[in-house]
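J.: Here you go, sequence then predicted model.
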Amino acid sequence: MAKQIMSNLLFFSLALLNITLSPIPNFASASLEEANALLKWKASLEIPKNSLLSSWIPLPLNSSASVPCTSWFGVVCNADGSIQKLNLTSSGLKGTLHQFSFSLLHNLTHFDLSLNNFFGPIPPAIRHLSKLIHLDFSKNKFSGVIPPETGNMHHLTILYLYSNNISSSISSSFGNLTSLNVLYLYQNQLFGLIPVELGNLKSLNQLDVSDNQLSGSIPSSLGNLTSLNILSLWKNQLFGLIPIELGNLMSLTDLWVNTNQLSGSIPTSLGNLTSLNVLYLYQNQLFGLIPIELGNLKYLTGLYLSKNQLNGSIPSSLGNLTSLNRLYLDKNQLSGPIPTKLGNLKSLNQPDVSDNQLSGLFLHHWVI
């Protein structure tokens with residue numbers, strides 16, 4: 001019996017020793033590897049004197065892995081010591097992402113390089129950042145294409161690529177970003193069609209692809225984005241009709257489709273957008289009547305319909321828009337008297353109805 005007990009004790013001791021000596025996840029080693037990857041990337045950049053990146057110093061072999069997490073500018077780590085957030089906005093940096101190790105820094109959830117001088121393409125290796133929630137590369141000089149691999153970042157809620165030199169189409173893979181709340185691609189050199197797949201982004205609150213070279217029609221699928229507050233498509237080369245489905249966007253506060261080549265009539269369905277603050281339709285090729293349904297937009301502060309081919313009379317229903325302070329109907333083919341009901345619009349600031357065939361001098365501050 002004693003021999004059996006001794007045997008069991010020996011077995012237990014060996015088992016305990018084996019557990020003690022077995023490898024455990026080496027978070028310190030992994031964190032140091034990530035830190036060294038950032039140092040390699042830093043060495044490829046042009047950095048101004050007295051930059052806060054001077055806190056990124058080479059680490060001795062015996063240094064603590066927590067050093068980058070506690071003293072490196074712009075670096076935030078998770079509980080395991082792995083780099084989670086990198087925020088280098090407005091740091092005066094110049095360079096590329098060629099030496100950035102996307103695969104080693106795959107735990108990033110926030111990556112902000114905005115307001116710097118980064119140039120060159122965004123590498124397809126960005127696909128390794130599959131945990132990203134917030135990506136901001138805005139106001140740089142990135143060029144080339146938006147990698148279709150960006151559509152694999154299923155956790156993204158914010159994507160800012162605006163104010164760069166990106167010249168490509170918008171990949172249909174963006175339709176996979178179903179967690180996205182904000183998509184800003186404006187002020188680039190994007191061309192081609194607006195993908196119908198963007199209609200899959202049911203969580204989207206703001207979509208801005210303005211000031212590009214996009215062409216084709218506005219996809220009716222955008223009418224599926226019922227959480228949308230802002231839709232900005234202005235200053236492109238879009239043509240065709242304004243989809244009646246945009247009248248489904250009941251949460252919309254800002255609709256900008258001006259400075260395109262849109263034609264047809266203004267859909268009466270836009271009268272359903274009762275949360276709308278501003279409606280920009282000017283400088284297109286719209287014709288037909290101004291819908292009386294626009295008089296339902298009681299929160300509207302700005303109505304911009306100038307530089308089209310609208311005809312008929314000004315509907316008296318616009319007199320219901322008592323919050324309106326900007327009204328531009330100039331350079332159309334409107335005719336008839338200016339409705340006296342527009343006298344209800346006490347907040348109007350120099351409304352412009354010039355270059356039409358309207359009759360009757362209305363108020364001294366009107367431009368007619």
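T.: Great, that's in hand.

J.: Now do the same contact list for the closest residue to residue 132 other than its chain neighbours.
T.: Nearest residue to residue 132, sequence neighbours excluded (C-beta to C-beta, 6 or more residues apart in numbering): residue 153, at 5.1 Å. The C-beta positions use only the backbone N, C-alpha and C, and glycine is treated the same way. Counting by C-beta atoms under 8 Å, 6 or more residues apart in numbering, residue 153 touches 126-127, 129-130, 132, 135, 177.

J.: try 7 Å
T.: Applying C-beta atoms under 7 Å, 6 or more residues apart in numbering to residue 153 gives the contacts 129-130, 132, 177.

J.: Torsion angles phi and psi at it?
T.: phi -90, psi 80 (degrees, to the nearest 10).

J.: What pLDDT does the model give it?
T.: pLDDT recorded at residue 153 is 95.

J.: Please identify which helix or strand holds the nearest residue in space to residue 192 that is not next to it in sequence.
T.: Spatial nearest neighbour of residue 192, excluding adjacent residues (C-beta to C-beta, 6+ apart): residue 169 at 3.4 Å. Using DSSP states H and E, residue 169 is not contained in any helix or strand.

J.: What number of residues are in the vicinity of residue 169?
T.: 15 (other C-beta atoms under 10 Å).

J.: so how far is residue 188 from it?
T.: Taking C-beta to C-beta, to the nearest Å as the measure, residue 169 and residue 188 are separated by 11 Å.

J.: go on, residue 119?
T.: Distance, residue 119 to residue 188, by C-beta to C-beta: 14 Å.

J.: Out of these two, name the residue with the larger neighbour count.
T.: When residue 119 is set against residue 188 and neighbours are counted by other C-beta under 10 Å, the residue ahead is residue 188, at 24 against 16.

J.: so the more buried one sits in a strand?
T.: No - Residue 188 is assigned coil when assessed by DSSP: H, G, I helix; E, B strand; the rest coil, not a strand.

J.: Tell me, what's the model's pLDDT at it?
T.: As predicted, residue 188 sits at a pLDDT of 98.

J.: Am I right that residue 41 is in a strand?
T.: No - using three-state DSSP, the assignment for residue 41 is helix, not a strand.

J.: That one reaches residue 97, doesn't it?
T.: No - using C-beta atoms under 7 Å, residue 41 is not in contact with residue 97; the gap is 8.1 Å.

J.: Give me the local confidence score for the spatially closest residue to residue 219 that is not a sequence neighbour.
T.: Of all residues not flanking residue 219 in the chain, residue 196 sits nearest, at 4.4 Å (C-beta to C-beta, 6+ apart). Here, the pLDDT recorded for residue 196 equals 98.

J.: now residue 196: how far from residue 156?
T.: 20 Å.

J.: try residue 313
T.: Taking C-beta to C-beta, one finds residue 313 at 48 Å from residue 156.

J.: And the two? Which one has more around it.
T.: The residue with more neighbours, out of residue 313 and residue 156, is residue 156; 26 against 14, by other C-beta under 10 Å.

J.: give the contact list for the more buried one.
T.: Residue 156 sits next to 132-133, 135, 177, 179-180 when contact means C-beta under 7 Å, 6+ apart.

J.: just those residues now: which is nearest residue 106?
T.: residue 132 (9.6 Å; C-beta to C-beta).

J.: can you confirm that closest one is in a helix?
T.: No - Residue 132: not assigned to a helix; according to three-state DSSP it is coil.

J.: Could you measure from the nearest residue to residue 78 once chain neighbours are set aside over to residue 45?
T.: Leaving aside its chain neighbours, residue 78 sits nearest to residue 84 (4.3 Å; criterion: C-beta to C-beta, 6+ apart). Residue 84 sits 21 Å away from residue 45, going by C-beta to C-beta.

J.: From residue 191, how far out is residue 174?
T.: Taken as C-beta to C-beta, the span from residue 174 to residue 191 is 15 Å.

J.: Quick one: the strands in the stretch 1-150 of the chain, in order.
T.: Here the stretch 1-150 of the chain has its strands, by DSSP state E, counting those that start in this stretch, at 75-77, 83-87, 94-95, 110-112, 117-120, 134-136, 141-144.

J.: need these in JSON lines with distance to residue 50 and mean pLDDT, can you?
T.: Below are the strands of the stretch 1-150 of the chain laid out as JSON lines (distance: least, C-beta to C-beta, whole Å; pLDDT from 0 to 100):
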{"stretch": "strand 75-77", "distance to residue 50": "19", "mean pLDDT": "94"}
{"stretch": "strand 83-87", "distance to residue 50": "19", "mean pLDDT": "97"}
{"stretch": "strand 94-95", "distance to residue 50": "15", "mean pLDDT": "98"}
{"stretch": "strand 110-112", "distance to residue 50": "21", "mean pLDDT": "98"}
{"stretch": "strand 117-120", "distance to residue 50": "17", "mean pLDDT": "98"}
{"stretch": "strand 134-136", "distance to residue 50": "24", "mean pLDDT": "98"}
{"stretch": "strand 141-144", "distance to residue 50": "23", "mean pLDDT": "98"}
